[in-house]
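In: Following is a predicted model, sequence given first.
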Amino acid sequence: MGRSYIVHTFGCQMNEHDSERISGLLEADGLIAVSDQDDADVVVLNTCCIRENADNKLYGSLGWLRTWKHEREGRQIVVSGCLAQKDRDLVAAKAPWVDVVLGTHNVHRAAELVQHASAHGQITEILDAAVLDDHAMFPSALPAVRDNGYNAWVTIQIGCDNHCAFCIVPAVRGVEISRPFDDIVAEVQSLVADGVTEVTLLGQNVNSYGRDLQLAARQAGDADARLRPLFADLIGAVGSVAGLRRMRFTSPHPKDMRPDTFAAMAATPAMCEHLHYPLQSGSDRVLALMHRGYTAERYLERLAQARAAVPDLAVSTDIIVGFPGESEADLQRTLEVAAAAEYDYAYTFVFSPREGTEAAAMVDHFVDPAVVAERFQRLRVVVEHSALLKHQARIGRVEEVVVEGPSKKDPSVMSGRTRQNKLVHFTPTHPLRVGSYATVEVVSAAPHHLMGRFLELVAEPVHRRRIAVSAG
Ligand code: SF4
């Protein structure tokens with residue numbers, strides 16, 4: 001029997017995508033995926049430091065993994081991702097039974113480092129930045145094991161050049177680096193050839209894609225560099241790959257939103273009618289403290305342009321409540337802007353300081369947690385009201401869904417996702433495979449999902465494999 005592995009992922013899509021790559025590298029090295037940790041020889045904890053309590057979760061998991069490791073000869077523990085990048089040598093200092101610690105810039109070294117640790121013992125390898133001429137820095141350039149076969153993330157950019165006061169990403173993911181245009185299109189072509197029908201273009205600030213490539217071209221003396229492709233061109237090129245039914249992107253930054261992106265969305269049939277458009281706060285004063293680079297008015301203006309350009313556009317957002325110094329008047333403004341934006345859904349967060357960020361040092365201005373909790377509830381009321389209205393407006397409509405699998409509560413009910421990224425539960429007349437496309441008529445609505453009546457199967461899935469990657 002070969003050695004086996006399991007990956008536990010904590011965090012965002014970028015982390016999940018890195019986990020697919022780590023899995024792919026380990027499999028290319030002969031390891032076999034298992035879904036039960038007791039069957040594994042290698043456990044990978046792919047960490048995130050954006051989420052609250054990430055440190056506690058990691059060091060808590062490492063505590064019980066110590067026992068797991070000593071139950072069988074040759075077992076190894078790998079810690080990767082943003083928290084490993086941030087904590088560096090601290091991981092091995094706190095948990096010396098960890099075998100490999102690797103950061104965000106050397107995911108491509110995962111299998112080699114596991115082998116190295118087998119032969120030579122514990123290793124911590126953290127790079128300060130991505131190696132610029134090494135395409136392996138883009139997770140999409142590495143072999144992958146995906147947790148389902150019909151959709152895929154495609155990294156178009158790594159790092160971030162912004163400095164939002166609450167965010168640790170620039171510190172752990174480095175500066176923005178765009179992946180070459182043709183590489184992205186080639187990856188999508190190869191994914192579609194493997195049966196993938198939906199891709200999500202992934203980056204920290206996707207709509208500034210390509211600026212660094214333009215700059216580099218200009219510095220190299222290319223006078224036409226300004227004409228080189230940017231995000232809108234990328235949407236068009238990816239969307240024209242034959243066989244691709246759906247494409248999405250996440251996340252754009254409102255300050256870089258331009259009409260050419262909306263025009264490209266509207267002109268690209270595969271582009272789903274969904275825009276994730278992070279507001280963070282509706283108060284201009286708080287937006288300035290956050291260094292977000294836009295005002296609420298400009299945000300709403302661009303949103304109106306997007307809706308005018310793309311018919312039936314669903315819009316989601318991220319909002320933080322209780323940023324240091326947030327006053328009642330600031331919160332009121334956030335409620336007004338959220339109501340005016342009429343979101344389809346919103347991820348709402350209570351501010352929580354991330355060590356190493358500017359906001360974490362604003363301790364004198366932290367808002368009383370009881371006040372924040374009360375504000376959070378008021379915001380939830382506004383966004384759920386708007387989500388319910390948006391969902392109710394879809395009752396009676398026929399929607400195309402891609403089948404995600406049986407509902408968690410009732411296996412006879414299937415869950416599917418519409419182009420607007422809405423979850424629909426429905427009971428098919430015969431079993432449907434994951435990745436099938438079907439039509440449903442929406443019969444009722446709740447703030448977080450729709451109920452549908454199955455109409456017909458539109459397309460069977462054509463992807464080849466499905467291997468589970470566990471999520472933490
Ligand atoms: S744009 Fe702001 S919130 Fe997004 S990754 Fe960059 S710094 Fe963080």
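Out: That came in fine, so what should we check first?

In: What ranges in the stretch 101-250 of the chain fall below the confidence cut-off?
Out: Confidence mapping of the stretch 101-250 of the chain against pLDDT under 70 gives the ranges 130-148, 224-229.

In: Next to the ligand, which bits of it? Give me the list.
Out: Within reach of the ligand by CB under 6 Å from any ligand atom, the stretch 101-250 of the chain has these residues: 160, 162, 164, 167, 169-170, 204-205. No exception for glycine: its C-beta is placed from N, CA and C like everyone else's.

In: Closest to residue 286 out of these?
Out: When these are compared for distance to residue 286 (CB to CB), residue 164 wins out at 11.6 Å.

In: my guess is that closest one meets residue 289, correct?
Out: No: applying CB atoms under 8 Å as the test, residue 164 and residue 289 come out as separate, 10.2 Å apart.

In: give the contact list for the spatially closest residue to residue 72 that is not a sequence neighbour.
Out: Spatially, and ignoring its direct neighbours in sequence, residue 72 is nearest to residue 41 (7.5 Å; CB to CB, 6 or more residues apart in numbering). Residues in contact with residue 41 (CB atoms under 8 Å, 6 or more residues apart in numbering) are 3-5, 31, 72, 74-76.

In: Would you mind giving the residues of the stretch 101-250 of the chain next to the ligand as TSV with distance to residue 232 added?
Out: What follows is these, written out as TSV (distance: CB to CB, whole Å):
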residue	distance to residue 232
160	20
162	20
164	24
167	25
169	24
170	25
204	18
205	15
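
In: I'd like to know which of those are part of strands.
Out: The strands, defined by DSSP state E, take in nothing from these.

In: With respect to residue 107, which of the contacts of residue 41 is nearest?
Out: Nearest to residue 107, judged by CB to CB, of those is residue 5 at 14.7 Å.

In: I'd like to know how many residues surround the residue nearest to the closest one when sequence neighbours are not counted.
Out: With sequence-adjacent residues excluded and distances taken as CB to CB, 6+ apart, residue 5 is closest to residue 42, at 4.1 Å. When neighbours are counted by other CB atoms under 10 Å, residue 42 registers 24.

In: beta partners for residue 42?
Out: residue 5, residue 76 (DSSP bridges).

In: I figured it was touching residue 27, is that so?
Out: No: Residue 42 is beyond contact range of residue 27, at 11.4 Å (criterion: CB under 8 Å).

In: could you flag which of the contacts of residue 41 are buried?
Out: Buried members of those, scored by 16 or more other CB atoms under 10 Å, are 3-5, 31, 75-76.

In: So which of those is the closest to the ligand?
Out: Closest approach to the ligand among the buried ones among the contacts of residue 41 (CB to the nearest ligand atom): residue 5, at 29.3 Å.

In: just so I have it, where are all the strands in the stretch 151-300 of the chain?
Out: Assigned by DSSP state E, counting those that start in this stretch, the strands in the stretch 151-300 of the chain fall at 151-155, 157-158, 177-178, 198-202, 246-250, 274-276.

In: Can you redo the ones you listed as a markdown table, where the extra columns are distance to residue 302?
Out: Shown next, in a markdown table, are the strands of the stretch 151-300 of the chain (distance: least, CB to CB, whole Å):
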| stretch | distance to residue 302 |
| --- | --- |
| strand 151-155 | 25 |
| strand 157-158 | 20 |
| strand 177-178 | 22 |
| strand 198-202 | 19 |
| strand 246-250 | 16 |
| strand 274-276 | 10 |
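
In: Output those strands in a markdown table, with mean neighbour count appended to each entry.
Out: Formatted as a markdown table, the strands of the stretch 151-300 of the chain follow (neighbours: other CB atoms under 10 Å):
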| stretch | mean neighbour count |
| --- | --- |
| strand 151-155 | 23 |
| strand 157-158 | 24 |
| strand 177-178 | 21 |
| strand 198-202 | 22 |
| strand 246-250 | 22 |
| strand 274-276 | 23 |
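
In: Quick check: which of these is nearest to residue 47?
Out: strand 157-158 (16.9 Å).

In: Thought residue 75 was touching residue 118, still the case?
Out: No: using CB under 8 Å as the test, residue 118 is too far from residue 75 to be in contact (10.7 Å).

In: Quick one: residues contacting residue 116.
Out: For residue 116, the contacting residues are 100, 123, by CB under 8 Å, 6+ apart.
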